[in-house]
Structure formats: C-alpha cells, structure tokens
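Trainee: Curious how this folds, go ahead:
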Amino acid sequence: MKRRIVITGMGAITPLGNSLHATWEAVVSGRSGIGPVTLFDASKLPVRIAGEVKDFINDDSAIPQDMRNLPGRSSFFCLSAAREAMQDAGLDMGRENPLRVGISLGADEEMQLFHTINQLYDQPRVLRALAGDLPLFVECLEQSSLLGKLWSFKRRADIATKLLAITCGMQGPADTSHTACSSSGHAIGKAKRMIENDDCDVVIAGGHCAMISEFSAAGFHLLGTLSTRNDEPQRASRPFDLDRDGFVIGEGAGILVLEELEHARRRGARIYAELAGYGSSSNSYRLTDTPPDGRGGDIAMQRALADAGLDASRVGYINAHGTGTLLNDRSETLAIKHVFGDRAYKIPVSSSKSMIGHLVCASSAVELVITVMAVKENIIPPTINLEHPDPLCDLDYVPNTARKQELDVALSNSFAFGGQNATLVVAKFKG
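Mentor: All right, here's what the predicted structure looks like:
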C-alpha cells in the first residue's frame, strides 16, 4: 500500500509579504505585489518593473561563521521560509531521526553576471547590450564566461540545500532541481517519491529564486516575454487578458514540510492537506515556445491524477501556470480542455502570477502553498487584472475577486521553458 503524504507546515517569502499569513491575506484580497524595480538602476532599460520581495532582512545567525559568505539573496529567502515552515509544523529536529529527514529544493544559480561583465566593459557598452542589442548581449555573455565560472561556487543552486542540512542537522537524501519555471514543482514531486519509497519520513521541500537583475530583465525582454507596462506596474501582470503583453519577473521562496501520514499522527501534527499526486512530462517541442495545441501539459495533469488515484471529475480548482504571455495562456487553456472536456468550463482556474509575478524556480512551490491554503480555507484565489478576456481563453478564470467555494481536490500546474512540466494534486485531508 502506497504511503500517504500530508503537508504539516508551510513558509513563504513573496512580493506580497514575508510570511505565509501575509502572503495569503494579500492573495485573498486580490492585491498586487508588482512595482518599480529598486534592486538596481533600471531607468535606462525597457523593463523597469518586477515583483520584488520587500523589507527582507538577511539572517545569518544560524549559519557557521566560516560559511556566512556563501548564501546569496535567494538562499536567504529559502532559509527564512524553511524556518517558518518547520516552526509552523512544530518539527523538532531534536526528536527526529536525522537520517529520515530529507531535503528537496528547486533553485536558480545565483550568478550575478551583470557585475562580472561590468568588470570587462565600459558601462555604456553594457547598457546598450541590456537595452536590446542582441549580438552585443551574446558577446558580453561569452566574454564573461571565465569570470562567471570563478563566481560559480558561491552562486551554485545547491548552496541553500547544503546550508539547510548543516544548520538543521538533516542527514537524509538531499536533492536540488533546476528545471527553470517548474524547478520547485519537480522538487516537491521528488520529495513525495522519497517518502513513498520509504527513504524518509519527512522532507523539507519547495523552492527559492532571486533572478531580478539587469541581465534577467534584458534576456527575457529579448525573448519578447516580459511586460513593458512600466507606468502601471500593478496592472502589468494580466494572465488570460486580451491586453496582456508578457509576464513580470518576481522573486521569493516557498517551503512545505511533507510528512508520512502515520509519522505526522504519532507526533500530533496539524495537517493542512494531503499531497495526493504528482505528474511530469516533456512537450518535445521547442526550447522556449509552448505547443499551440496544448500538448505536454495535459499529460502532466493526467499523470498527476493517475498517481493520486483520482478521476478528473473530482477536481474543483486549478491553480494555473498562467504567465500572461500570449501563447502560454492559450496553450494551457487547451491542455485543460483536453483533460476535462466540456467540464473544463465549470472548473475555476486562476493564476497567482497576476499578483506575485513569475517567481521562476520558486513559482511552483509558492503557487502550491497558495493552492493548499485554497483547499484548507475553501477560498479560490482570483486572477486580477482580468478586464478583457481573450476569446481563446474562455474558461472560468475567477476574475479579480476571490470566491468562497467548497474544495476537495485542486491541481497546481507548472509548465517550464523547454516543456518541462509538473502538476501537483492537493486533496482535503479526511483521515
């Protein structure tokens, strides 16, 4: 019999707030966390807005003195969210077998390429590359590769994984996933498998990301994927809206404590919900484009439901990948229709990215946290800024206002660049 996995603790650092409570309260209120970029001077760039984490203070008090120069902004987000999640779960490592506690995180490589390149070129040349000179942009990247490698140890994606294990004394399996926008979705899926395979009783799972930088803004802009609605930042992220012009890059972390059900019961843990299913797939299409027919994403949803042993008719809500790019929103809409048929029109679908932006490697985890809260509280989060629906995106996207509705089963989708898809199934815990 397959071991059941429940969620007993959660933590969040997002553009909406530096805790689970603050983030969820803002989500239910339909607030936007998007604003002008303050982390660097974006005045000469075509994209000057982002979903920044605000008023965050790095806390390195638990990190050994000789390691305090290792974590970057993203790792500090992760450690803070993990601390909140473990406290929320009442998880006392002094009472746990450290060999049975694992870690599985999705993360970005915290390479600060702009600062590297700035050492090689005069600033006007760099700014010209960032503003849209694609050949010069590529040349700068190539020229900076050696110095970039020198930065690579400090900025490796697995630094937070290592520090979390060291500071908390965890000796179970540890894994770091980097599959772009679905990184933390795959990390959480792997965590589920760790518990099901009896490698762990508890896994600290989720993701973190801090990619708001000159090069991220320039690179995504050159791909034509970022919104340039600089004068209206809070209205810039608008998934499924006819007037959408791209996503807004964000940052943050989401961490969940996943636990085998009987282990959670033995220690009297509070249970948010059950992590019932995980499915993944590849689009086998292109490196960046989404298949216009929706293929790939539908397979991930079907596999997640099969893993959960649930029929599609049980699903009452879908937290969409919903980036706000033209092709992605239409493709995901078709994928949902492939899986649910005519019933797709009766299932509420919403995009958290309308409020927090696209947190890239952390997006799956933060959106799963929001999905878990939706199931627990029976509140469906809204898609804000949905004013003129795209006729080709014709599902119920819960426009602008949260909705009270009884929920038993929900899906959370993450469809990454290159077609690396992950879907997670959350079910209300019923004993």
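Trainee: Next, the closest residue to Asn230 other than its chain neighbours: phi, psi?
Mentor: Among residues not flanking Asn230 along the chain, Arg48 sits closest, at 4.6 Å (C-beta to C-beta, 6 or more residues apart in numbering). No exception for glycine: its C-beta is placed from N, CA and C like everyone else's. Per-residue torsions, Arg48: phi -130, psi 20 (degrees, to the nearest 10).
Trainee: got a pLDDT number for Arg48?
Mentor: Predicted confidence (pLDDT) for Arg48: 97.
Trainee: Hmm, it is touching Leu39, no?
Mentor: No: if you go by C-beta atoms under 8 Å, Arg48 and Leu39 don't touch, sitting 11.4 Å apart.
Trainee: neighbour-wise, which of the two wins?
Mentor: Arg48 (17 against 14; other C-beta atoms under 10 Å).
Trainee: show me what contacts the more buried one?
Mentor: With contact taken as C-beta atoms under 8 Å, 6 or more residues apart in numbering, Arg48 is in contact with 36-37, 42, 230.
Trainee: same thing but 6 Å
Mentor: Arg48 is in contact with 37, 42, 230, counting by C-beta atoms under 6 Å, 6 or more residues apart in numbering.
Trainee: and the last one, what element?
Mentor: This points to Asn230. Assessed by DSSP states H and E, Asn230 sits outside every helix and strand.
Trainee: what's the spacing between it and Lys54?
Mentor: Using C-beta to C-beta, to the nearest Å, we find Asn230 at a distance of 18 Å from Lys54.
Trainee: which stretches of this protein form helices?
Mentor: 20-29, 73-89, 113-118, 123-130, 134-143, 145-151, 159-168, 183-196, 214-222, 261-266, 297-308, 326-340, 353-356, 363-377 (DSSP state H).
Trainee: and this protein, what are its domains?
Mentor: 5-266, 279-427 (automatic domain parsing).
Trainee: and Pro15, what does it touch?
Mentor: 33, 51, 250, 356.
Trainee: Tell me the one of the residues you listed nearest Lys428?
Mentor: Using C-beta to C-beta, Ile356 comes nearest to Lys428 of those, at 24.1 Å.
Trainee: ok, back up a step: output the contacts of Pro15 as CSV; include the columns pLDDT, neighbour count and distance to Ile159.
Mentor: Shown next, in CSV, are the contacts of Pro15 (pLDDT from 0 to 100; neighbours: other C-beta atoms under 10 Å; distance: C-beta to C-beta, whole Å):
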residue, pLDDT, neighbour count, distance to Ile159
Gly33, 98, 25, 25
Gly51, 98, 28, 23
Gly250, 97, 29, 21
Ile356, 98, 31, 24
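Trainee: May I ask which two of those are separated the most?
Mentor: Gly33 and Gly250 (7.3 Å).
Trainee: which one is the most centrally placed residue in the chain nearest to, not counting chain neighbours?
Mentor: Closest to where the C-alpha atoms of the chain average out (C-alpha atoms, centre = their mean) is Ser363, at 1.2 Å. Closest residue in space to Ser363, ignoring its immediate chain neighbours: Cys181 at 5.8 Å, by C-beta to C-beta, 6+ apart.
Trainee: Hmm, Ala416 and that neighbour touching each other?
Mentor: Yes: between Cys181 and Ala416 there is a contact at 3.8 Å, judged by C-beta atoms under 6 Å.
Trainee: contacting residues for Ala180?
Mentor: So Ala180 contacts 416-417 (C-beta under 6 Å, 6+ apart).
Trainee: redo that, cut-off 7 Å
Mentor: 360, 416-418, 420 (C-beta atoms under 7 Å, 6 or more residues apart in numbering).
Trainee: Model confidence score at Gly294, please.
Mentor: Gly294 is assigned 86 on the pLDDT scale.
Trainee: With His186 as the reference, measure out to the spatially closest residue to it that is not a sequence neighbour.
Mentor: Nearest residue to Gly294 in three dimensions, chain neighbours excluded: Leu334, at 3.1 Å (C-beta to C-beta, 6+ apart). As judged by C-beta to C-beta, Leu334 and His186 stand 23 Å apart.
Trainee: burial count for Gly17?
Mentor: 21.
Trainee: quick one, what contacts it?
Mentor: Gly17 neighbours (C-beta under 7 Å, 6+ apart): 23, 26.
Trainee: What of Asp298?
Mentor: 335, 338-339.
Trainee: Please list all residues in contact with Leu386.
Mentor: Counting by C-beta under 7 Å, 6+ apart, Leu386 has contacts 238, 240-241, 397, 399-400.
Trainee: How about it, nearest residue that isn't a chain neighbour?
Mentor: Per C-beta to C-beta, 6+ apart, closest to Leu386 is Pro399, 4.0 Å.
Trainee: again, but for Thr401
Mentor: Per C-beta to C-beta, 6+ apart, closest to Thr401 is Pro382, 5.3 Å.
Trainee: Now the closest residue to Asp198 other than its chain neighbours. Its backbone dihedrals?
Mentor: Nearest non-adjacent residue to Asp198, counting by C-beta to C-beta, 6+ apart: Arg3, 6.8 Å away. Main-chain torsions, Arg3, degrees, to the nearest 10: phi -70, psi 140.
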